[in-house]
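[1] Give the three-dimensional model of this entry:
(chains A and B, ligands or ions: 2)
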Amino acid sequence: MDDHASTPAHSKPDSERLVLSGDWTLLHFTRIQRQLAKLDPNRFTTLCFDDVTRLDTAAAQLLIEWYGPARMQALSSMLPVKRKNLLISVAGAVTTQRQEPPPANASKALTHGVALVGQQVESLYLQQKYLLGFLGLVLSALARTLWRPSRWRVTATVSHIQQTGLNAVPIVMLLTFMVGAVVAFLGATVLESFGATIYTVNLVVFSFLREFGVLLAAIMLAGRTASAFTAQLGSMKSNEEIDALRTQGLDPIELLVLPRVLALWISLPLLAFIGTLSGMLGGAVVGVVALDIPLSQFLRIVERDIGVSHFFAGIVKAPLFALVIALIGCAEGFKVSGSAQSVGEHTTSSVVQSIFMVILLDALAALYFMEMGW
Amino acid sequence: MDDTVIDIERLENRFGANVVHQDLNLTLKRGEILGVVGGSGTGKSVLLRSIVGLKPIDAGEIRVFGQRLNTLSTSQRAAIERRFGVLFQRGALYSSLNLEENIALPLVEHTPLSRQDAEHIARMKLALVGLSPNAAKQMPAALSGGMIKRAALARALALDPDVLFLDEPTAGLDPISAAKFDQLLLTLRDALGFCVFLVTHDLDTLYTVCDRVAVISQKRVIVADTLANVAATDDTWVQDYFHGPRGRAAYHAAKEAT
Ligand SMILES: Nc1ncnc2c1ncn2[C@@H]1O[C@H](COP(=O)(O)OP(=O)(O)OP(=O)(O)O)[C@@H](O)[C@H]1O
Ligand SMILES: [Mg+2]
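    Ligands and ions are numbered 1, 2, ... in the order given. So this is what the prediction gives:
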């Protein structure tokens, strides 16, 4: 309390009495620990507190653990009221603490490792099951509200479209433009040796129509939006807002998840379309600047050689990706449990999962389309 | 030596156009327990936050241990803030640490203690506020409201502070625990000699533990004095507060107890 320099704790044996003096506080914790360790508590029938300037709970705890709570309680009855109350409170605390030692969770390394693998596999299985269940909930909520326009959450949906779609346009355009340019350069480098530089146009347009446009937009959204959904719903969950909705007879799936899923359903195809155009533009710019392919020629090749079916083969994947991203983002949010750390963990998990699922589905789709000859 | 620990003069606080405090004066003396009462939304929590430096004040002056917090350097400030223990209205336990780690954190950061020693002390502090040692490993999200209050008190007491700020510590506790809490506060205050800034709506707590009571109303402290003097103040809110049915019941309970 005072700013005076504190005199460190000191103890001096005096036949059967231990005379304590100075500040017995947290500041001198290790010193006290060392002093007491050297002394045998059973030697002393009494402790003298008269010269102690200050005594706090931490030092009292050390003294009591050294001397024994019961003996200290008996001893403290002779002390002034203030000291007595403190020692009795702390002695009580020390006693309860001794009665129930906290459960030790020791485990052996090998069995622990095996158990960990098992837990991981099981959680993977449970996760997929949970996701399927969540999909079911969302679809049934959709089916319920679809017939009743009065229950459409138009405002929420539009606001999510703005956040997830409109606001993502610049970054998606920039990203696809640059990838388009890179693909054009790569194509030109390889094709030049065959004297087929002109086919760079086909390469860029093909790859963006069928794959890159939608894939890049989806990955961008997985990083940008799935994480946002998880963090939003997760902090609502830990704040018990979702429970509050339930108790008021409102369906959190219908109120919170459906607008997000619908918003992504609308945003992602549009973003994919914009991304495709922007990627092709990136290729065209490289063509004009570096490969001597004028824009008119570029457009002519696109018109002549490349059918609209390629565009459809790309864009049909967009709603599927949108569904996967929104579902994983929201489902992870609902799994958050209270702590800030949990919000972080689930946000990470939702981004990783949704990017993984998008790429996996894209690979499967590419395989399927190839076999079908589409 | 001057025994004023906190001195507030002509304090003004506002959020945009919403003026919360104006011309507010209050002192907290060494070793006393000051109860702060006032209707909901009168700015008790805001006052607490401005004293501990969480809210920049808009006008006036707050001196802690004779020094103005906002004129100090960061390290001087930290040294003073280390002498504070704060229990927030909603607990504000660190959600990613278990209880024991929550309380050990300031000990590990501010003292040369090893983690083991710190957690050992932490478990004692938990027992001191009436939490069983089994709770030590639990996460804050798994606790009941009352347990959160106690754990938050244990954390506020971690460094054996000189000034304890409690924001509605007994709200959400059952009456028996609340009474035990009051006794604990008195015991610790007598033993450790800290002073307490206690925001509360609990009349029993006011009657049992407070040396002085400050009433916040109309953006300022309208009276700060012993309970008897405050209860006799001529103000409608004060009269309703102390002489309403609950106030009378608490008064009689306190009289019987003494
Ligand atoms: N961060 C903030 N931003 C804007 N206004 C605020 C903020 N914090 C508090 N207020 C306003 O300040 C006023 C006082 O709030 P405060 O939380 O101090 O009330 P209180 O006296 O503690 O009430 P209670 O007893 O209900 O806890 C209220 O009108 C509140 O709306
Ligand atoms: Mg408050």
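[2] near chain A, which residues of the stretch 51-200 of chain B?
    Taking C-beta under 8 Å from any C-beta of the partner chain as the contact definition, the stretch 51-200 of chain B meets chain A at B:94-96, B:107, B:111-113, B:117, B:120-121, B:123-128, B:132-134, B:136-137, B:139-142, B:157, B:159-160, B:162, B:184, B:187-188, B:190-194. For every residue, glycine as well, the C-beta is placed using N, CA and C.
[3] Apply 6 Å and report the result again.
    Residues of the stretch 51-200 of chain B that fall close to chain A, judged by C-beta under 6 Å from any C-beta of the partner chain: B:95-96, B:111, B:113, B:121, B:123-124, B:127-128, B:133-134, B:136-137, B:141, B:160, B:162, B:187, B:190-191.
[4] Give me the buried subset of these.
    In these, burial by neighbour count holds for B:95-96, B:111, B:113, B:121, B:123-124, B:127-128, B:133, B:136, B:141, B:160, B:162, B:187, B:190-191, counting by 16 or more other C-beta atoms under 10 Å in any protein chain shown.
[5] one step back: filter the residues of the stretch 51-200 of chain B next to chain A down to the ones in helices?
    Among those, the ones falling in helices (DSSP state H) are B:121, B:123, B:124, B:127, B:128, B:187, B:190, B:191.
[6] Output those of the residues of the stretch 51-200 of chain B next to chain A also counted as contacts of ligand 2.
    Restricting those to those touching ligand 2 (C-beta under 5 Å from the ion) yields no residues.
[7] what sits against the residue in the stretch 101-250 of chain B positioned nearest to ligand 2?
    Nearest residue of the stretch 101-250 of chain B to ligand 2 (C-beta to the ion) works out as residue B:167 at 5.8 Å. By C-beta atoms under 6 Å, 6 or more residues apart in numbering or on different chains, the contact list for residue B:167 reads B:45, B:48, B:88, B:89, B:199.
[8] These also near ligand 2: which ones?
    B:45, B:89.
[9] if you look at the contacts of residue B:167, which of them are in strands?
    Among the contacts of residue B:167, the residues falling in strands (DSSP state E) are residue B:199.
[10] Could you report the pLDDT at the nearest residue to residue B:210 once chain neighbours are set aside?
    The shortest distance from residue B:210 to any non-neighbouring residue, by C-beta to C-beta, 6 or more residues apart in numbering or on different chains, is to residue B:35 (3.5 Å). pLDDT, residue B:35: 92.
[11] Does residue B:35 lie in a helix or a strand, and which?
    Using DSSP states H and E, residue B:35 maps to strand B:33-37.
[12] picking that back up, how much space separates the residue of the stretch 101-250 of chain B closest to ligand 2 from chain A?
    Residue B:167 is 19 Å from chain A, where distance means C-beta to the nearest C-beta, to the nearest Å.
[13] any idea how far that residue lies from residue A:269?
    Distance from residue B:167 to residue A:269, counting by C-beta to C-beta, to the nearest Å: 51 Å.
[14] can you check residue B:108 too?
    Residue B:108 sits 53 Å away from residue A:269, going by C-beta to C-beta.
[15] neighbour-wise, which of the two wins?
    For residue B:108 versus residue A:269, the count of surrounding residues by other C-beta atoms under 10 Å in any protein chain shown is larger for residue A:269: 20 against 16.
[16] ok, now which ones touch residue 48?
    All of this refers to chain A. Contact analysis of residue A:48 by C-beta under 6 Å, 6+ apart lists A:17, A:19.
[17] could you do chain B instead?
    Contact partners of residue B:48, counting by C-beta under 6 Å, 6+ apart, are B:165, B:167.
[18] for residue A:362, same thing?
    The contact partners of residue A:362, by C-beta under 6 Å, 6+ apart, come to residue A:215.
[19] Quickly check: stretch B:219-235 near ligand 1 or not.
    No. Using C-beta under 6 Å from any ligand atom, we find that stretch B:219-235 stays clear of ligand 1, coming within 10.0 Å at best.
[20] can you give me the end-to-end distance of that stretch?
    14 Å (C-alpha to C-alpha, to the nearest Å).
[21] In it, which residues are buried?
    For stretch B:219-235, a neighbour-count test (16+ other C-beta under 10 Å) marks B:219, B:220, B:221, B:222, B:223, B:224, B:227, B:230, B:231 as buried.
[22] All set now, cheers.
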